[in-house]
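Asks: Using only what follows, build the 3D model:
(chains A and B)
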Amino acid sequence: MMTLHHTGILVKDMDEAIESYRGIFSADSVSEKIFISSQQVNVCFINIQDEIYLELVQPTSAESPVNRMFGKGNTYYHIGYFTNHFDKEIKLLEEKNYKLLSTFNSEAFAGNRCAFLMSPVMHLVELIEK
Amino acid sequence: MQKPEILETLNRIWREELDNDSIVLTDESTAKDVEEWDSISNIQLVVATEKFFKIRFTSSEIAAFKNVGEMVDAIKNRIG
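Replies: Numbering: from 1, shown residues only, chains lettered A, B, ... in the order given. Next up is the predicted model:
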């Protein structure tokens, strides 16, 4: 079973984006900035409701795989789900013709495994091992 | 469909999906040869190819393709 954790949003200026959300949500809803080395991005979580977050994602180098999203004008670009059955969920999604893009250990989730998969209609999802 | 026709079809798909009419694929072509071809658009290309040929590739098959020629071979094996 997958439970919603966050929606990923690309930002060019993390501090400016954080400030824009501080005006809407309380100051303690904003996490520290976390560098995800394998993805070459900084992320920051905004707790918008219960345990549901916005994940602000800022590429930190030209090699970051998310850079090209900017070129397409996308900002909201993925939905992240927690799962207790990481390998099983990947297999189930692959049976639905989702394509596995990458797996990595994320500094944002205590080193737990994460995976990006693309749906057959090109919607990007992230699985996070709980 | 023979391999040259498959390659020609892939060339058309690549041009349409990447919105670049100057793309000319060969059996040796890789993502390094086409500026717009990255890990995200690679999936877009594979999905468009699957739809056209009415086949499916697993994630491990996609990861194993070293160049366009290997994809052409795999398509040829599937469609006969």
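
Asks: Would you mind listing what in chain A touches chain B?
Replies: Residues of chain A found near chain B (CB under 8 Å from any CB of the partner chain) are A:65, A:68-69, A:94, A:97, A:99-102, A:118, A:120, A:122, A:124. In short, each C-beta sits where N, CA and C put it, glycine included.

Asks: can we see that at 7 Å?
Replies: Residues of chain A lying near chain B by CB under 7 Å from any CB of the partner chain: A:Pro65, A:Arg68, A:Glu94, A:Asn97, A:Lys99, A:Leu100, A:Leu101, A:Met118, A:Pro120, A:Met122.

Asks: hmm, which two among those are most spread apart?
Replies: A:Arg68 and A:Glu94 (23.4 Å; CB to CB).

Asks: what about the helices in chain B?
Replies: Along chain B, the stretches classed as helices by DSSP state H are B:3-18, B:39-53, B:59-64, B:68-79.

Asks: So what's the gap between the shortest one and the chain middle?
Replies: Right, helix B:59-64. 12 Å (CA atoms, centre = their mean, to the nearest Å).

Asks: Nearest to chain A: which residue in chain B?
Replies: For chain B, the residue closest to chain A is B:Ser59, as judged by CB to the nearest CB, at 3.8 Å.

Asks: now the helices of chain B in a markdown table, with mean pLDDT and mean neighbour count?
Replies: As requested, the helices of chain B are arranged in a markdown table below (pLDDT from 0 to 100; neighbours: other CB atoms under 10 Å in any protein chain shown):
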| stretch | mean pLDDT | mean neighbour count |
| --- | --- | --- |
| helix B:3-18 | 96 | 16 |
| helix B:39-53 | 92 | 18 |
| helix B:59-64 | 90 | 14 |
| helix B:68-79 | 95 | 17 |
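
Asks: mind giving me CSV with these and columns for distance to A:Asn84?
Replies: Below are the helices of chain B laid out as CSV (distance: least, CB to CB, whole Å):
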stretch, distance to A:Asn84
helix B:3-18, 36
helix B:39-53, 26
helix B:59-64, 22
helix B:68-79, 35
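
Asks: Out of those, flag the one nearest A:Thr7.
Replies: Ranking those by proximity to A:Thr7 (CB to CB) places helix B:39-53 first, at 17.5 Å.

Asks: and the closest one with helix B:3-18, angle?
Replies: 130 degrees (axes from the mean of the first three to the mean of the last three CA atoms, to 10 degrees).

Asks: hmm, helix B:39-53 in reach of chain A?
Replies: Yes: applying CB under 7 Å from any CB, one finds helix B:39-53 in contact with chain A at B:Ser39, B:Ile40, B:Ile43, B:Gln44, B:Val46, B:Val47.
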